[in-house]
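[1] Starting from these lines, generate the structure:
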Amino acid sequence: MYKKILLIPVSLLLLAAAAVCFGLLYLSWNFTFPEKTYVAAVALEEPALTRSEYVQPTQPTEPETEPEETTEPEVIPEGPYYMSLDMSKLASHYNANHDVAGWIKISGTAINYPIMQNEDNNFYVDHAWNGAWSHAGAIFADWRCNLEDSDNTLVYGHNMGNGSMFHAIKNYKSAGWGSSHKYIEVATLEHRYLYKVFSCNVLYGEAGAKFQYWNFINMNRTDYRNFVNSIINTSGAFYGDRRHLPRVSENNFITLQTCNSGANDGIRCVLFAYRIDER
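    Numbers count the residues shown, from 1 in each chain. Model (predicted):
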């Protein structure tokens with residue numbers, strides 16, 4: 001009799017445990033953990049700037065690369081450097097398009113292009129030197145600058161994956177490579193200039209940057225000290241001599257800028273050089 005009475009609560013306990021187990025199994029079969037989701041940030045396209053609406057120069061961003069024919073880089077001549085830029089080619093390009101302000105050439109690289117200049121810094125971001133639409137754009141000078149007279153001239157170009165335009169600028173991050181390509185030829189319709197590479201820097205090139213190198217164009221002595229000190233303090237590969245820095249009253253600078261990577265993150269590769277010869 002007692003055995004039968006004891007069997008009843010034991011059976012009830014077993015039934016309760018079975019119900020709990022079945023419930024847990026049912027939940028495990030039907031329950032899934034929520035997935036973590038992310039909302040992607042959307043970059044807004046900035047409107048084109050004109051001279052009258054200008055706040056600060058528009059920095060070109062790197063476009064997607066596409067196949068494009070390029071000429072083989074020429075061999076760097078042995079011995080003392082000589083200027084080999086073809087002035088007749090510059091004149092013929094100017095006759096075809098008066099936006100041609102000059103020419104730039106770096107021996108041993110694909111950089112051998114006309115320098116364009118327009119009142120809208122956006123135009124030659126996606127137009128070739130002849131004004132036709134181009135994925136690679138053109139090499140162009142900031143409209144605020146004068147290739148002959150500005151203390152510092154800003155020149156922009158895309159970093160094309162096929163090695164064209166200003167792609168070679170990134171090579172200056174390697175001091176060994178840059179030391180064998182340290183001269184830049186620049187010509188206007190009237191003069192030929194030789195520049196010597198001073199420093200290669202990877203910098204943030206948009207509003208809010210601590211070193212706004214693009215706003216150093218015509219400099220007084222204070223501006224010049226800030227400009228040179230900022231270059232030295234942010235330099236990735238320094239080619240100058242800190243004991244004999246160029247003087248603002250004797251040298252004109254040129255600043256070449258391109259994108260540092262494929263991402264539109266505002267990071268630029270910037271090459272600084274100063275004038276050492278005029279002909």
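[2] what ranges of the stretch 101-250 of the chain fall below the confidence cut-off?
    Along the stretch 101-250 of the chain, segments meeting pLDDT under 70 span 245-250.
[3] And the strands in it?
    For the stretch 101-250 of the chain, strands defined by DSSP state E, counting those that start in this stretch occupy the ranges 112-116, 140-141, 152-156, 183-187, 192-204, 235-238.
[4] Pull up the pairing partners for the fourth one, direction included.
    The one in question is strand 183-187. Using DSSP bridges, strand 183-187 pairs in its sheet with strand 100-105 (antiparallel), strand 192-204 (antiparallel).
[5] And the contacts of it?
    Outside strand 183-187, the residues that touch it by C-beta atoms under 8 Å, 6 or more residues apart in numbering are 81, 83-85, 87, 90, 102-107, 115, 147, 192-197, 254, 256, 273. C-beta here means a position set from N, CA and C on the backbone, and glycine is covered the same way.
[6] Then the last one?
    Under the contact criterion C-beta under 8 Å, 6+ apart, strand 235-238 has outside partners Tyr172, Lys173, Ser174, Ala175, Gly178, Phe198, Ser199, Cys200, Asn201, Val202, Ile232.
[7] List only buried entries from those residues.
    Buried subset of the contacts of strand 235-238 (neighbour count, 16 or more other C-beta atoms under 10 Å): Tyr172, Lys173, Gly178, Phe198, Ser199, Cys200, Asn201, Val202.
[8] Tell me which two of these sit farthest apart.
    Using C-beta to C-beta, these span at most 15.1 Å, a distance reached by Phe198 and Val202.
[9] Surely Trp129 and Asn118 touch.
    No - using C-beta atoms under 8 Å, Trp129 makes no contact with Asn118, being 10.9 Å away.
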